[in-house]
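A structural model of the following input is requested.
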Amino acid sequence: MYKNPVITIARQYGSGGREIGEKVAELLGIKAYGKELIDLAAEKSGYHPDMLHKADERAAGSLLYSLAVGASVAGGIAGHYDIPINDKLFIVQNDIIKELAEKEQCVIIGRCGDYALRNFENKISVFIHADFDWRKKRVAEKNGISEKEAENLIVKEDKYRANYYNFYTGHKWGASERYDATFNSSILGVDEIARIIAAMAKGSN
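This is a model prediction of the structure:
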């Protein structure tokens, strides 16, 4: 049984994954890291946060090259200026996630957290999905847009997330075998899923 496991949450756009992650953190009395990782990456890399926010969860194209030449947070990021900012952000965030996992129990939302911690045994990885129509209505209401606009936004954002995950990990985004558990938030609801995940974390101690 694991003690105080780190929880990674991957999520479809509009499924409530970020909200679930934050609620899990609140229930467990720990921190949740999503976009906060971008600010930590900015501090570590020296890049302006606005630049990194624009590159967030968007795949570039030269990561394999950067790894081949030995790019790392300590040396490669600063030394290889021809590496796209997206790749630099991925590498820095990857290291930050591992550092956080080593020092504290936390919730990692998105950012290929399950892959970053693929060799870290003390974790629970989950994927949040939901029926498309449910997500469409939710996104429309939260953003004050039409359901047609919400539909287009969901398709675009899911494509970004899938491409990002597939490109940087070499695995298929959302494939159930990649996660310890998957949840349909349109059936269970955000609060209930958060409660279940928190119970999983407590039960693993």
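
thought Ser176 was touching Val126?
No: the criterion here is C-beta atoms under 8 Å, and Ser176 misses it with Val126 at 10.7 Å. C-beta: built from backbone N, CA, C; applies to glycine.

shared neighbours of these two, anything?
With contacts defined as C-beta atoms under 8 Å, 6 or more residues apart in numbering, the residues adjacent to both Ser176 and Val126 are Thr182.

Settle it for me: which of those two has more neighbours?
For Ser176 versus Val126, neighbours defined as other C-beta atoms under 10 Å are more numerous around Val126 (24 against 10).

quick one: contacts for the more buried one?
So Val126 contacts 7-10, 179-183, 197 (C-beta under 8 Å, 6+ apart).

filter those to the buried ones?
7-10, 179-180, 182-183, 197 (16 or more other C-beta atoms under 10 Å).

Check the spacing between the residue positioned nearest the centre of the chain and Lys23 real quick.
Against the mean C-alpha coordinate of the chain, by C-alpha atoms, centre = their mean, the closest residue is Gly110 at 0.8 Å. Remark: distance between Gly110 and Lys23 (C-beta to C-beta, to the nearest Å) = 16 Å.

And the next helix or strand past the longest helix seen in the chain?
When the chain is parsed with DSSP state H, its longest helix is helix 147-169. Downstream of helix 147-169, the next assigned helix or strand under DSSP states H and E is strand 181-184.

That next one pairs with which strands, parallel or anti?
Using DSSP bridges, the strands paired with strand 181-184 are strand 123-129 (parallel).

and stretch 154-173, which residues are buried?
154, 158, 161, 164-165, 167-169, 173.

from the residues you listed, which is closest to Asp87?
Tyr168 (8.5 Å; C-beta to C-beta).

Tyr115 is in contact with the closest one, correct?
Yes: between Tyr168 and Tyr115 there is a contact under C-beta under 8 Å: 7.2 Å.

low-confidence ranges in this protein?
Applying pLDDT under 70 to the chain flags the ranges 1-2, 47-49, 51, 53-83, 204-205.

hang on, Thr8 in a helix?
No: counting by DSSP: H, G, I helix; E, B strand; the rest coil, Thr8 falls outside a helix, being strand.

Apart from its chain neighbours, what residue comes closest to it?
Gly113 (3.5 Å; C-beta to C-beta, 6 or more residues apart in numbering).

Excluding covalently adjacent residues, which one is nearest to Tyr165?
Trp173 (3.8 Å).

And for Asp158?
Nearest non-adjacent residue to Asp158 (C-beta to C-beta, 6+ apart): Tyr13, at 5.3 Å.

and the residue nearest to the centre of the chain, what does it touch?
9-11, 17-18, 34, 57, 161.

Take the contacts of Val126 and lay them out in TSV including distance to Glu43.
As requested, the contacts of Val126 are exported to TSV (distance: C-beta to C-beta, whole Å):
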residue	distance to Glu43
Ile7	23
Thr8	22
Ile9	23
Ala10	25
Tyr179	30
Asp180	31
Ala181	32
Thr182	33
Phe183	33
Ile197	29
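
any idea how far the residue nearest to Gly174 when sequence neighbours are not counted lies from Leu188?
Once flanking residues are discounted, Gly174 sits nearest to Phe127: 5.9 Å by C-beta to C-beta, 6+ apart. The gap separating Phe127 from Leu188 is 13 Å, by C-beta to C-beta.

All set now, cheers.
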